[in-house]
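Participant: I would like the atomic coordinates for the input below:
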Amino acid sequence: MSLTEEQIALVRGSFAIIRDQIEPRSVGLYRKLFRYDPSLRKLFRGDIGDQTMHYMTALGVIVDNLDNDDVLMERYTTLAEQHAMTGIGRADFETMGAALIETLRENLGEAFTEEVEEAWNAAYQELAEEIMEIGEIR
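Facilitator: Below you'll find the model as predicted:
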């Protein structure tokens with residue numbers, strides 16, 4: 001894990017602010033994603049509300065275990081398999097990262113400081129790189 005203890009604390013602390021109301025706060029995540037790249041909509045079947053909750057639940061598990069490499073690798077492996085099967089590419093991870101950061105900024109307001117943003121960017125970059133490497137996503 002390359003995140004510092006301070007970055008882990010910032011990610012966890014900021015996620016805790018939105019965790020108790022994750023469903024209403026995460027509704028715009030996929031709207032933002034599809035606004036950035038409408039072609040990604042075809043990768044998702046079914047209700048986007050369900051997908052949003054799946055994403056945010058997985059993100060919550062990752063946030064809770066940022067200092068537990070065994071749990072992270074297990075989760076990354078599962079996510080890598082799922083993403084590889086759906087045809088998601090490297091550029092799509094960048095787009096999702098931008099949508100996630102915008103969603104966090106919107107929901108955290110003043111609590112989304114420059115340091116919090118840097119910590120989330122580092123955490124997401126690490127997550128995305130691990131998933132892409134394990135899933136051999138190009």
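
Participant: Mind pulling up the pLDDT for T52?
Facilitator: pLDDT, T52: 85.

Participant: quick one, what contacts it?
Facilitator: With contact taken as CB atoms under 8 Å, 6 or more residues apart in numbering, T52 is in contact with E23, S26, V27, L29, Y30. For glycine as for every other residue, the C-beta is placed from the backbone atoms N, C-alpha and C.

Participant: same thing with A123?
Facilitator: Shown in contact with A123 (CB under 8 Å, 6+ apart): L3, Q7, I8, V11, I62, V63, L66.

Participant: Show me where the protein has its helices.
Facilitator: Using DSSP state H, the helices of the chain run over 5-19, 22-26, 28-36, 48-64, 69-86, 90-108, 114-134.

Participant: Okay, angle between the last one and helix 90-108 too, please.
Facilitator: To tie it back to what came earlier, the one meant is helix 114-134. 150 degrees (axes from the mean of the first three to the mean of the last three CA atoms, to 10 degrees).

Participant: hang on, A128 packs against T95?
Facilitator: No: in this structure A128 lies outside contact range of T95 using CB atoms under 8 Å: 10.7 Å.

Participant: Nothing else from me, thank you.
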